[in-house]
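**Student:** sequence isn't available, so here's the structure alone:
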């Protein structure tokens, strides 16, 4: 799947109703042929489509990263009773918003007669462009804003991946009395991260994502074994709920964990049969249900076992045994191999503009590889500056993930369902208003508290 193939240029809606109806009739039911149709037009940009299983592997990896192992810290900030309830609520709302995004993108595709669904930013742009007249002037601005949030979020994930990998590897080395600064470990991780990030195709990334999933699941299983083997403390030893500032940090970490909304449309478009993505037993529902169960289990067991001492990653509580070190190495490998999937989305958004700016023609593989290398170096530089794992996770989650996961989908649904000067309906308005209020509450409180804690951390260092 190529960046050029997924970032499309908006065109004006046809004024000819007959042509528009014919376009709709032609495109309905043809999603499965979209990849082939694009390939026929441009063989240079063609990449083999992915199957149901390949796509669910990518979805799984896109949502299982440092956020999974940070759920113990999230439950510490939420409380043993309140955190599970809030996690289920956030999961339901996030999955619903992903379906809303897909539905709006499909509606825009039918209205415009396009061969395939647009990406996230272009879907937002098209909804504003074809929405109420007063909002049409905002279309380009909103599309660009979404792209900015996507790039900041995905590259933020990549920075956190560097921090996660280096923190765990540093603990492994310390267990063997090898003292190495965490920033030096980040430099050592650069080579494998860079090599995997030069893979330019989702289908070619499937074996990488599959191996990463195996590492993460085995790592989680052994981590939970460590937590459960000697039994868990009494429930009364843990906080059942917490105060407002801690809940803000919980929200940021939890929303960060459900980090895959920017991957939804690229994964759907890359499928051989795209309708299998959002069906009842499709990739999205099945994959996200399994992901949510893993988050709940990791968070509740991790907090029950280690309480207030639970680390920003559960692996940091495992100790110095050989098996514990192997788990840290395994999970670090899984996160490292998940880096290119998160990185793929940012490149997909940024490369077409960079290519145009540099006036490069054709596929320009050498130019793309150089661009990818520079972006990897940028994420490494940012990670070197802010190595506070738990707080960075909360900040990225509260600031950017919230906007993408919970703000833009309800906004574009309200616009897309407003037709012929009629509103979207009272229930749609109420439902989206509740989602937006939840998002704004988490956005402001989570961002403020995360920044406050990061500033305090810097003051303590100096």
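**Tutor:** Nice, I can see it. Treat the numbers as computed from the prediction; the structure is a model and nothing was measured. Numbering: from 1, shown residues only.
**Student:** so residue 416 makes contact with residue 110?
**Tutor:** No - counting by CB atoms under 8 Å, residue 416 does not reach residue 110; the two are 11.2 Å apart. Glycine gets a C-beta too; all of them are placed from N, C-alpha and C.
**Student:** between these two, which one's more packed in?
**Tutor:** residue 416 (22 against 14; other CB atoms under 10 Å).
**Student:** quick check: the gap between the more buried one and residue 432.
**Tutor:** Separation of residue 416 from residue 432 (CB to CB, to the nearest Å) stands at 11 Å.
**Student:** which regions of the stretch 1-150 of the chain sit below the pLDDT cut-off?
**Tutor:** For the stretch 1-150 of the chain, the stretches with pLDDT under 70 are 1-47.
**Student:** who are the packing partners of the helix or strand hosting residue 58?
**Tutor:** Using DSSP states H and E, residue 58 sits in helix 52-63. Other helices and strands packing on helix 52-63, by 3 or more CB pairs under 8 Å, 6 or more residues apart in numbering; DSSP states H and E, are helix 202-228, helix 261-270, helix 283-306, helix 322-357.
**Student:** quick check: buried residues in the longest one?
**Tutor:** For helix 322-357, the neighbour count (16 or more other CB atoms under 10 Å) marks 324-325, 327-352, 354-355 as buried.
**Student:** how about stretch 214-228?
**Tutor:** Buried-residue list, stretch 214-228, by 16+ other CB under 10 Å: 215-217, 219-220, 222-224, 226-227.
**Student:** do the same with stretch 117-133
**Tutor:** Under 16+ other CB under 10 Å, the buried positions of stretch 117-133 are 117-131.
**Student:** swap in stretch 438-447?
**Tutor:** 438-439, 442-443, 445-447.
**Student:** so which of those residues sit within helices?
**Tutor:** Taking DSSP state H, the ones among the buried residues of stretch 438-447 that sit in helices are 438-439, 442-443, 445-447.
**Student:** double-check residue 102 against residue 117; I have them as touching.
**Tutor:** Yes - assessed by CB under 8 Å, residue 102 is found in contact with residue 117 at 7.5 Å.
**Student:** between the two, what contacts are shared?
**Tutor:** 265, 268 (CB atoms under 8 Å, 6 or more residues apart in numbering).
**Student:** point out where the stretch 201-350 of the chain drops to low pLDDT.
**Tutor:** 256, 259.
**Student:** related to what we said a few turns ago, and which of the buried residues of stretch 214-228 is nearest to residue 135?
**Tutor:** Closest approach to residue 135 among the buried residues of stretch 214-228 (CB to CB): residue 216, at 41.5 Å.
**Student:** tell me the contacts of the closest residue to that closest one other than its chain neighbours?
**Tutor:** Spatial nearest neighbour of residue 216, excluding adjacent residues (CB to CB, 6 or more residues apart in numbering): residue 334 at 3.9 Å. If you count contacts by CB under 8 Å, 6+ apart, residue 334 has them with 64, 211-216, 219.
**Student:** same thing but 6 Å
**Tutor:** Neighbouring residues of residue 334 by CB atoms under 6 Å, 6 or more residues apart in numbering: 212, 215-216.
**Student:** from residue 156, how far off is it?
**Tutor:** Applying CB to CB to residue 334 and residue 156 gives a distance of 19 Å.
**Student:** cool, and residue 452?
**Tutor:** 18 Å.
**Student:** could you do residue 242 as well?
**Tutor:** Counting by CB to CB, the gap from residue 242 to residue 156 is 25 Å.
**Student:** equivalent analysis for residue 268, please.
**Tutor:** Taking CB to CB, one finds residue 268 at 23 Å from residue 156.
**Student:** next: residue 439.
**Tutor:** Counting by CB to CB, the gap from residue 439 to residue 156 is 18 Å.
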